[in-house]
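Enquirer: Okay, here's the prediction I keep looking at, along with the sequence it came from:
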Amino acid sequence: MGARGDGGVKKVVDRRRRYWNEPKLGLWERFYLFEVLRGLSITGGVFLRNMTRWMTGKKGALTAYYPEEVRSDYARHNRGKHVLTQRPDGRPQCIACNLCATVCPARVIEIEAGFDPDDPAHPKYPERFVIDYARCIFCGFCVEVCPEDAIRMVPTVPGLPVPDRRPGMWLGKEELLNWQPASDPAKPYPPKAKAVEPPPPGSRLVQGEER
Amino acid sequence: MPVMFINDQPVDTGEHRTVLQVALANGFYVPHFCWHPELSIVGNCRVCVVEQEGRGVGIACNMPVAEGLRIQTESEPVRAQRKAMLQFILLNHPVDCGICDKAGECTLQDYHYAYNGAPALSHEPKLHSTKFFPLSERIILDNERCILCSRCVRFTREISKSNVLGMEQRGDGMRVRPVEDRTLDDDPYSDNVIDLCPVGALLSRSFQYQARVWYLEPTASVCPGCARGCTVQLWHRRHEWRLKGLDGSHNERILRVTPLENPRVNGAWICNKGRDLGALFGRPRAGQALLKGRPVLLAEAIDAARRLVRGAGRRVALVSSWGSNEELRAFRNALADRFTSFVKADHRPGEGEVVEDDLLIRADKNPNTHAAQALFGNAPADIPDDTELVLVWGEGADFSTLPRGAKIVHLGAWLQPENGYADVFIPISIQTERHGHYTSFEGVVSAFEPCQRRPEGVIDAETLFPLLAAPPGSDT
């Protein structure tokens, strides 16, 4: 009862958690101004050095200007983007069989098939072919399952995070189909056009005739 | 009742006459291409071979049952023969499953994995034949994939009786072709050959390359095309395979219709009109309640209709023959005492449509006339000139024949010019958006299930009728 009679003055308890390696501030640090100036001189020095290098034509900081530039430290075996391979005439090799879309664990591939009766060797072709890079997990199953070697993955990454791509970062057939490498060491590309072999002598060819 | 033995187990043959029927009925699966329960036996595919103990291997589809017959369906010689038979069938088959619409539900594919599984033994180049032969406006034929089981030929001879298809030439050159003086376009049951085909030789043009079949799932439904009430399966995209980047309307569409086998109604068949249900249900929907063509909230339209329903004077209702049993009952319970009700024919035979035949097609082109007439009588609509209110439920009413002074409350599902003419228009759901039952002309009740999402602002007629009976201003 007597303790509460002294005007209600409460002792402020410092409840801040203490760490084992709390910095010990000396008088110089407690003076504050010199240390702030020292910090500014470090950051300003880096800034001026980078500016000078930039203005004299050397590259400044280790910054990649994404998406115009590709990061230099991607591994050679990075596979960050799909490409659709092409036949010699520029059409996609894809036959729209949907195996990649079916095997995809993230279900990001969607294909709309078209019918071309004038090309009996490839009557089914992808009218539209889209991949959502917001959900793609880059597992490469689509490449593995493709029976036509129509989809491969390349080391680059899609230049996607542009505001108008959201939501869903979809790449369409046009962007996936512009892969024109001089050569691919992994598999020969572009594939040779298959010569139509004449039927061997002695075999009959049942010719289809229309009514 | 003779008793025979299949794989050393005694089975009762029952009414069956062949070993294949007995085996299938007792749960012993025997592969078969050419045999079909509704068609005659030809025995030309030779994969249904079984071993009769002591007498060697023979085809089960044509092997008569006998007392004490001992059959092995999976013995070593049987499997060897099936494997050899599949090698033979696949001699000239293109094996283009990647682009074949049948892949996934193809019996040749299934049997190949079950009994053969080996690449071709033959080194001969495959013979080529016609791709994409136009059999009709609805069907294309890929002769390279055809295995000459002749199911389609027998269907046109024995079931649809149009006698359109036949086989020409022999051996490697043998192929299915229409006869010279007819086309498959004249056969109103032609699309059944697509389901009958055990491989991907006969293909539907409307379904071609729309989706791989494993992306789809069927919903049991009833064809509303005529009073027969055939049970059908509406195939639509599975939920887990919904398209997110491409055309979203694909997710809502009915991509194909196949018969749901039902011995009491339609057997294993439906007509071509039933195959086009996707187009029928895909028509533009009405989703906006209207008062004299002015868009209003649904609750406002219901309130306006309530006021009209409670008004004095003579009231007539034209009851839809497309309403389900549940909706018809809801109408009778809630509103029948306020209206003189007539059953209306929502649909009439279209131009060039087969009106009636002795297989399935009925002249009454509405699914539930039987149940509607049982509740509301079958008197023809006779609307006196002093009628104050006409409630038009469903399609098919000619608004110009209604009395000029009468107010019109229209319950409709489709986008039509009449909707704006009615005093009150309330959008209602369609068959694919609700549960229900139809009663066929024979009195067989068949259920249908929903497979599409009900659009915003649309109400089920079954919920609507009790609301209309409530006094104006009460909750909706």
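Expert: Nice, thanks for sending it over.
Enquirer: make it CA atoms for all contacts and neighbour counts henceforth
Expert: Noted.
Enquirer: What pLDDT is listed against the residue nearest the centre of chain A?
Expert: Averaging the C-alpha coordinates of chain A gives a centre point, and the residue nearest to it by Cα atoms, centre = their mean is A:V157 (3.5 Å). The model reports A:V157 with a pLDDT of 78.
Enquirer: swap in B:A114?
Expert: On the pLDDT scale, B:A114 is placed at 93.
Enquirer: tell me the contacts of it?
Expert: Residues near B:A114 by Cα atoms under 8 Å, 6 or more residues apart in numbering or on different chains: none.
Enquirer: Go over the secondary structure and confirm it is in a helix.
Expert: Yes - counting by DSSP: H, G, I helix; E, B strand; the rest coil, B:A114 is part of a helix.
Enquirer: Would you mind measuring from it to chain A?
Expert: According to Cα to the nearest Cα, to the nearest Å, B:A114 and chain A sit 21 Å apart.
Enquirer: still on that earlier bit, confirm that the residue nearest to the centre of chain A lies within a strand, as I assumed.
Expert: No - counting by three-state DSSP, A:V157 is located in no strand; its state is coil.
Enquirer: and it, backbone torsions?
Expert: Phi and psi for A:V157, reported as degrees, to the nearest 10, are phi -120, psi 150.
Enquirer: Confirm for me that it is in contact with A:G80.
Expert: Yes - counting by Cα atoms under 8 Å, A:V157 touches A:G80, with 4.6 Å between them.
Enquirer: So for stretch A:170-180, what gets flagged as buried?
Expert: Buried residues in stretch A:170-180, counted by 16 or more other Cα atoms under 10 Å in any protein chain shown: A:W170, A:L171, A:G172, A:K173, A:L176, A:L177.
Enquirer: how about that stretch against chain B, any contact?
Expert: Yes - using Cα under 8 Å from any Cα of the partner chain, stretch A:170-180 reaches chain B at A:W170.
Enquirer: buried sites along the longest helix seen in chain A?
Expert: When chain A is parsed with DSSP state H, its longest helix is helix A:33-55. Of the residues in helix A:33-55, A:N50, A:M51 count as buried by neighbour count, 16+ other Cα under 10 Å.
Enquirer: Then stretch B:13-31?
Expert: For stretch B:13-31, by 16+ other Cα under 10 Å, it's B:T13, B:T18, B:V19, B:L20, B:Q21, B:V22, B:A23, B:V30, B:P31.
Enquirer: residue contacts, the second one?
Expert: Residues in contact with B:T18 (Cα under 8 Å, 6+ apart) are B:A60, B:C61, B:N62, B:M63, B:P64, B:V65.
Enquirer: 10 Å instead?
Expert: B:T18 sits next to B:I59, B:A60, B:C61, B:N62, B:M63, B:P64, B:V65, B:A66 when contact means Cα atoms under 10 Å, 6 or more residues apart in numbering or on different chains.
Enquirer: nearest to chain A, of the residues you listed?
Expert: Chain A lies nearest to B:I59 out of the contacts of B:T18, by Cα to the nearest Cα, at 30.1 Å.
Enquirer: shouldn't that closest one be in contact with B:R46?
Expert: Yes - counting by Cα atoms under 10 Å, B:I59 touches B:R46, with 6.2 Å between them.
Enquirer: quick one on the thing from earlier: could you list which of the buried residues of stretch B:13-31 belong to helices?
Expert: Residues of these located in helices (DSSP H): B:V19, B:L20, B:Q21, B:V22, B:A23.
Enquirer: distance of B:A406 from B:R315?
Expert: Distance of B:A406 to B:R315, computed by Cα to Cα, to the nearest Å: 9 Å.
Enquirer: where do the contact lists of the two overlap?
Expert: Joint contacts of B:A406 and B:R315 (Cα under 10 Å, 6+ apart) are B:D386, B:T387, B:E388, B:L389, B:V390, B:L391.
Enquirer: and the residues you listed as TSV, adding distance to chain A, pLDDT and secondary structure?
Expert: Listed next are these as TSV, based on distance: Cα to the nearest Cα, whole Å; pLDDT from 0 to 100; DSSP: H, G, I helix; E, B strand; the rest coil:
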residue	distance to chain A	pLDDT	secondary structure
B:D386	57	88	coil
B:T387	54	90	strand
B:E388	54	91	strand
B:L389	50	93	strand
B:V390	47	93	strand
B:L391	45	94	strand
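Enquirer: Show me which of those residues is closest to A:A106.
Expert: Of all the shared contacts of B:A406 and B:R315, A:A106 sits closest to B:L391, with 51.1 Å by Cα to Cα.
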